[in-house]
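Asker: Task: produce atomic coordinates for the following.
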Amino acid sequence: MIADQLKPGTRIRVTQTIRRRDQDWQSSVTGEVLTCEEEKTGSWYAHAPGGKLMLLRIHIRKDDGELTTVCLDQRSSVEVLMADEKA
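Answerer: From the prediction side, this is the model:
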């Protein structure tokens, strides 16, 4: 599982694709992993373990210091970067 590979301090680039009828949108976030783990959503879904849907979330500190959270889905790609590699 990817969560086991992304340790705090690892530099990554996450690219997510949003499918649209005419064209896809892509967005990327580059920074340092703070945490990477499955977390419960605030929504309730029947037949999910514990009555909650779990999402893989990566908490990232971007190069400018901004903190952000990315929820991974099937259209997300994660690239591990070298320590000195920039966006």
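Asker: Quick one: the strands in this structure, in order.
Answerer: If you assign secondary structure with DSSP state E, the strands in the chain sit at 11-18, 25-44, 52-62, 67-71, 76-80.
Asker: Quick one, which of those gets closest to residue 4.
Answerer: Closest of those to residue 4 is strand 25-44, at 8.6 Å (criterion: Cβ to Cβ). Backbone N, C-alpha and C define where each C-beta goes, glycine included.
Asker: Sheet partners, orientation included, of that closest one?
Answerer: Based on DSSP bridges, the pairing partners of strand 25-44 within the sheet are strand 11-18 (antiparallel), strand 52-62 (antiparallel).
Asker: What residues of it count as buried?
Answerer: Neighbour counts using 16 or more other Cβ atoms under 10 Å place 29, 30, 31, 32, 33, 36 of strand 25-44 among the buried residues.
Asker: and which of those is nearest residue 81?
Answerer: Of all the buried residues of strand 25-44, residue 81 sits closest to residue 30, with 7.1 Å by Cβ to Cβ.
Asker: And the furthest pair within the buried residues of strand 25-44?
Answerer: With Cβ to Cβ as the measure, no two of these lie farther apart than 30 and 36, at 15.1 Å.
Asker: can I get the strands of the chain in a markdown table with distance to residue 3 and mean pLDDT?
Answerer: Rendered in a markdown table, the data for the strands of the chain read as follows (distance: least, Cβ to Cβ, whole Å; pLDDT from 0 to 100):
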| stretch | distance to residue 3 | mean pLDDT |
| --- | --- | --- |
| strand 11-18 | 12 | 94 |
| strand 25-44 | 5 | 87 |
| strand 52-62 | 6 | 88 |
| strand 67-71 | 12 | 95 |
| strand 76-80 | 10 | 92 |
